[in-house]
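J.: Show me the folded form of this:
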Amino acid sequence: MEIAEALMNFKDQVPMLGCENAWIAAGALMAALKNEGTLKITEAQILEVLNRTHRQAIGGYCGLTGVCGIAPGIGACFSVILGAACPKDRETVTTMTVVAKIVNVIAQETGPCCCKNFVRHALTEAIALVKELLNISLTQPSDPIVCTDVERHPHGCRQEKCSYFRS
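T.: Numbering: from 1, shown residues only. Sure, this is the predicted structure:
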């Protein structure tokens, strides 16, 4: 989560809404797993995750199809780690189950959509799934996250409906 927060704080370079946030979520999860060390994540695997995310994170699709690009980004992480592919069984089931859970978590946070909120909630769920499915513990921030992007939201911040809003 700390990696994603650091990247999202480049406000001049990362738009409030956009697929860059999906790349941040996927890249941050892979970097955290690499830093943790159990899986021996390679640069090639991280690049593969980012390429897969880039192919499926398409602007506006959250509203057009119901799939925010963050979900396939997190799915790409699990797919690469597990070696999921169409002819495989458990690896693909697990990856699809992860994506379904991430979509559900994000869906609970819409109205209007907020990529920063989605990154935070998706990574919180992904960290729990990494523990459950891969038996790897990644740390969560000890201090509550407070959003500093309220004024940047082009559709209006959800304010009190968002768990990261502080007045």
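J.: T94 against A84, yeah?
T.: Yes. Contact criterion CB atoms under 8 Å: T94 and A84 qualify, at 7.2 Å. All C-beta spots, glycine's among them, are computed from the backbone N, C-alpha and C.
J.: what do those two both touch?
T.: Common neighbours of T94 and A84, using CB atoms under 8 Å, 6 or more residues apart in numbering, are F78.
J.: How about the contacts made by the nearest residue to I81 once chain neighbours are set aside?
T.: Nearest residue to I81 in three dimensions, chain neighbours excluded: L39, at 6.3 Å (CB to CB, 6 or more residues apart in numbering). By CB under 8 Å, 6+ apart, the residues touching L39 are L33, I81, L134, I136.
J.: What is the neighbour count of L50?
T.: Burial measure for L50: 18 neighbouring residues, criterion other CB atoms under 10 Å.
J.: That one is in contact with G27, isn't it?
T.: Yes. Between L50 and G27 a contact is recorded at 6.0 Å, counting by CB under 8 Å.
J.: intersection of neighbour lists for these two?
T.: By CB under 8 Å, 6+ apart, no residue touches both L50 and G27.
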